[in-house]
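Asker: everything below, folded, please.
(2 chains)
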Number of protein chains: 2
Amino acid sequence: MAQPAASWQAISHAKRLARDSKIPTAWRIPRDLYHEKRCVVGIPETCGVLTPDEVDITSNHDATELIEGMKSGLWTCEQVVTAFCKRAAIAQQLVNCLTEICFEEAIERARHLDQQRQSNPGGPLPPLFGMPISLKDSFFIPGLDATTGIVSLANQPSSEHSALVLLLLKLGAVLYCKTNVPQTMMTADSDNNLFGRTLNPHDVTKTAGGSTGGEGALIALRGSILGVGTDIAGSIRIPSVSCGIYGFRPGVGVVPYKGQREIAMPGIEGVKPVSGPMATSARDIHRFLEAVRNAEPWGFDSGVHKFSWMNLDPKPVEHLTIGIVEDDGTHTPHPPVRRGIKVAAEKLRAAGAKVVPIQLPEVDRHIGELYKFFKIGGPEPLFSMIKASGEPLVNSVQMTGLVKDEYVEPPTVQDYFAMFDRRDAAIQQYQDLFQEHELDALLMPGAPHTAPPFDIWSCISYTGLWNYLDSPACIIPVDRVRDVDVQDEIENAKYGLEDKRVYSAYTGPEHYQGLPVTVQLVGNRQEDEALVRVVEVVDAVLRR
Amino acid sequence: MAQPAASWQAISHAKRLARDSKIPTAWRIPRDLYHEKRCVVGIPETCGVLTPDEVDITSNHDATELIEGMKSGLWTCEQVVTAFCKRAAIAQQLVNCLTEICFEEAIERARHLDQQRQSNPGGPLPPLFGMPISLKDSFFIPGLDATTGIVSLANQPSSEHSALVLLLLKLGAVLYCKTNVPQTMMTADSDNNLFGRTLNPHDVTKTAGGSTGGEGALIALRGSILGVGTDIAGSIRIPSVSCGIYGFRPGVGVVPYKGQREIAMPGIEGVKPVSGPMATSARDIHRFLEAVRNAEPWGFDSGVHKFSWMNLDPKPVEHLTIGIVEDDGTHTPHPPVRRGIKVAAEKLRAAGAKVVPIQLPEVDRHIGELYKFFKIGGPEPLFSMIKASGEPLVNSVQMTGLVKDEYVEPPTVQDYFAMFDRRDAAIQQYQDLFQEHELDALLMPGAPHTAPPFDIWSCISYTGLWNYLDSPACIIPVDRVRDVDVQDEIENAKYGLEDKRVYSAYTGPEHYQGLPVTVQLVGNRQEDEALVRVVEVVDAVLRR
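Answerer: Coordinates of the predicted model:
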């Protein structure tokens, strides 16, 4: 192997410096504002960098309102984009959530959009007009790196747009930053040797989740209110759980995925990653998906399914049947998570929904199958890509055991087809479950815990099941950890040693204070639009 | 290997006897009616078995008319079903197109439907009410075999319904027979040792095509006017070309396929077989697909995509852009086929359509890739299944080289993913082609020739390309071989030796007299409904 031109440490140092130099001096905040603070969520509004208007723009509206405001002329695009650039810069200083910054280009584009609007007043405006949208680092924007935190990929700027990036630009969006991920994008800790670790803004001693963790932290600080992640085992939803935001995992072929940094081998079939929105309101999730689907996204990515957005009427809550999954039979939810589900189920019942307890069948077996799909490429190719720069594996990657210097015989195509056959049977099993109970959605945890301390997140069964079965799923934030969420007996964890180990991480509300409590709504396979509608209705009930 | 209980010849003999015993004596026709006749298409109407009413029912209407007639009470279901049972019995005697017969059960079900209708006049009736539908042998109907012509699978009656069979019954259809296929279902000659060969009713010295050849021959004789085949390389379209009927290959996931006799290994991914309709009118293709799609077919087969039938308005012909593919760059079409395309293109241009010449890119390479998918399982498993009874391979199967007693190392999963990656790129290439020329459809041959003599059909590039790319495609009959279709110089075949070999099979109109000339319309991927609409509009123009 050729010696890298510079040590990985030098590459990383230069890369971080180059990134930080994109933050204007006037947007810098003094370290003592946040030093030794556990929760930093309040700092953007009080640090003095944002004008009162910018505080209002970034704090008090969702994307739907902002877009309407820009369309009607209440705000210019430049105002809105500048406000979010500034707030993203603050967020970066607080929790290290950004990888690539293009604030100048974003503000330039915003001005351009304002001029277009002025030169043709009353002309039609695209559905995401002027809206700043943040992107996971894996997306390609020409001129910016897409390292996904791997040192050997630094300083290789993209020459093409990802399919979705091109589509978002067509829809009027403004791109202003990309966000941090774990080394390999295969863990729930957005930590890597190139950019370092993203912290959780609600408690900087906890993980921001992963792999779209930079996005989660940025949106929790409202340095963005609409971002895009990707999800192959929970990578949109785990940061949404950790940071208390809305995160939607669409089915395969709903939103363009093509043309981004892939760590899997090209052409891999089976359980596929998807792109999806992360936001601060349910209706922004809706707006994003509707805008993408109405733009004939298959013209941007031939892997996208051609079906129309139906403009389904939302079912009133009294007509909904929601299956309640208290746990998935593999990991016992921690007390705050259990309370979240219980309260949500009660609110739904009180609002007139039919609420049915559901036991998910064979989750353990299905997650075992999911891991078989993940392991197809073997642990060595990714190891080589990381080792090319001399950098070590980070802790959370080592813990997965998915990346090492070891050749593992890949499965035969026969084994592989047998995996598909079992997955087809599992999909049928879950379709039958939905059909039997006439479910509109399942309500369940997105993880057995809220954001835990660094590098201990191991359970992906609550999210990964839906990647295995290719069902749409959405995280909804509902509450915070409260004093009532007292630690209880470890004997409550009844699914074996690993369950007990994970359960024991909850050491009482004093150690998890203020961390978001979320729920997950899961729809029937290929019924993404119907789920979006259910999410909005259920969210409104849970907000009461 | 255990010795089979009886010789394959004895099993075959008994199986044919059992089948033929299901034809009542009154429906039998004397051999001298058809002995030494080359074309037998006229015989059902003149043989004396059918009453004048039955001749009218089976000869003068399409399924759409018959269903409306049964719904309105013009005919009883029993009348219609009996007429088609009788005509199918005649067809079987003429061209050996049936494998399984359940006439009695069908007439019984028809009576039952009539009673239901009488007991609830004015009640809603399902969209295929009373319609007799014939099925390829591979579909499962409880109590009937699904041997697909493999002797070792005889006398193992199905216990379940195929997903589509269950759906068709729900839609009001009446099942009355299953139809013949090639040994292995992988050739264009519906010939096997269990049932023998199906002949082409237009010329019994020519192939009926395959693998859904029994269906093609039965429909050409109007022993059925609505049937269901399957297609992985052309198995719906090749018999439609051979027998001069309408045959539609939908995209994967449009029509339920689950739960039928598979010769491929379960769970195989890549190029997948699909189910689709075969008929005598374009609007019956439309009616079938619409009925299936509107019945939430995903509830019957979780492999079916959930999208709604949109009730698209048909584009008037003047708004259509049709790409004309004169040949595919691998095989030169025979003179009658060339004339078919030329006349169709002229008629479309005259009717106001925009007609654009198109050169298909890299067909040779794509068909090479298609064969790689077919060969994944290796030649041995199918060989063992056939050899279990001691029967030999039939000629056409031997010719393919896909079945032999030879272990071939399967591709690695890495090789396999590379195949997928190349296929994804090809799909994008063809999507771009459609986009660039704003095509509504391609008009091209379904094969380089009309039905040829037995056991020489080797070219699947005209049909198989669309399986590789998963695009919808439909055969439309347009004419017959005529005296103007004179044999020309073999030098006109300019794509190499194999092209010359195939081209030399055309020995002038005197040897192909009366054989159907067809065209193929190909739609954009995942735009099946749009293609159906184009088929109806184009068909109306070509019929002028």
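
Asker: flag every buried residue along stretch A:476-484.
Answerer: Within stretch A:476-484, the residues scored as buried using 16 or more other C-beta atoms under 10 Å in any protein chain shown are A:Ile476, A:Pro477, A:Val478, A:Asp479, A:Arg480, A:Val481. Bear in mind the C-beta positions are built from the backbone N, C-alpha and C, glycine included.

Asker: so the fourth one bridges to which residues?
Answerer: On DSSP bridges, the residues paired with A:Asp479 through beta bridges are A:Val517.

Asker: can you check the pLDDT for it?
Answerer: We have a pLDDT of 98 for A:Asp479.

Asker: got phi/psi on the closest residue to chain B within the stretch 251-400 of chain A?
Answerer: As assessed by C-beta to the nearest C-beta, chain B sits closest to A:Gly267 within the stretch 251-400 of chain A, at 2.9 Å. For A:Gly267, the backbone dihedrals (degrees, to the nearest 10) come out as phi 80, psi 0.

Asker: what's the burial count for the nearest residue to it once chain neighbours are set aside?
Answerer: Spatial nearest neighbour of A:Gly267, chain neighbours left out: B:Asp421 (2.9 Å); criterion: C-beta to C-beta, 6 or more residues apart in numbering or on different chains. As a burial measure, B:Asp421 scores 15 neighbours (other C-beta atoms under 10 Å in any protein chain shown).

Asker: now do the helix or strand containing B:Asp421: distance to the chain's middle.
Answerer: According to DSSP states H and E, B:Asp421 maps onto helix B:413-437. Relative to its parent chain, helix B:413-437 has a centroid offset of 26 Å by C-alpha atoms, centre = their mean, to the nearest Å.

Asker: my read: A:Arg339 touches A:Val517, true?
Answerer: Yes. Assessed by C-beta atoms under 8 Å, A:Arg339 is found in contact with A:Val517 at 7.1 Å.

Asker: so these two - more neighbours on which side?
Answerer: Legend: neighbour count by other C-beta under 10 Å for A:Arg339 and A:Val517, higher for A:Val517 (25 against 18).

Asker: show me what contacts the more buried one?
Answerer: A:Gly244, A:Pro336, A:Val337, A:Arg339, A:Gly340, A:Thr450, A:Pro477, A:Val478, A:Asp479, A:Arg480, A:Val481 (C-beta atoms under 8 Å, 6 or more residues apart in numbering or on different chains).

Asker: the fifth one: neighbour count?
Answerer: Looking back up the chat, that one is A:Gly340. A:Gly340 - counted by other C-beta under 10 Å - has 28 other residues nearby.

Asker: state the distance from the residue lying closest to it once chain neighbours are set aside to chain B.
Answerer: Closest residue in space to A:Gly340, ignoring its immediate chain neighbours: A:Val517 at 4.2 Å, by C-beta to C-beta, 6+ apart. A:Val517 sits 32 Å away from chain B, taking C-beta to the nearest C-beta, to the nearest Å as the criterion.

Asker: just the closest residue of the stretch 351-500 of chain A to chain B, please.
Answerer: When distances are taken as C-beta to the nearest C-beta, the stretch 351-500 of chain A reaches nearest to chain B at A:Asp421, 2.9 Å away.

Asker: looks like that residue contacts B:Glu269 (just checking).
Answerer: No. Between A:Asp421 and B:Glu269 there is no contact under C-beta under 8 Å: 9.8 Å.
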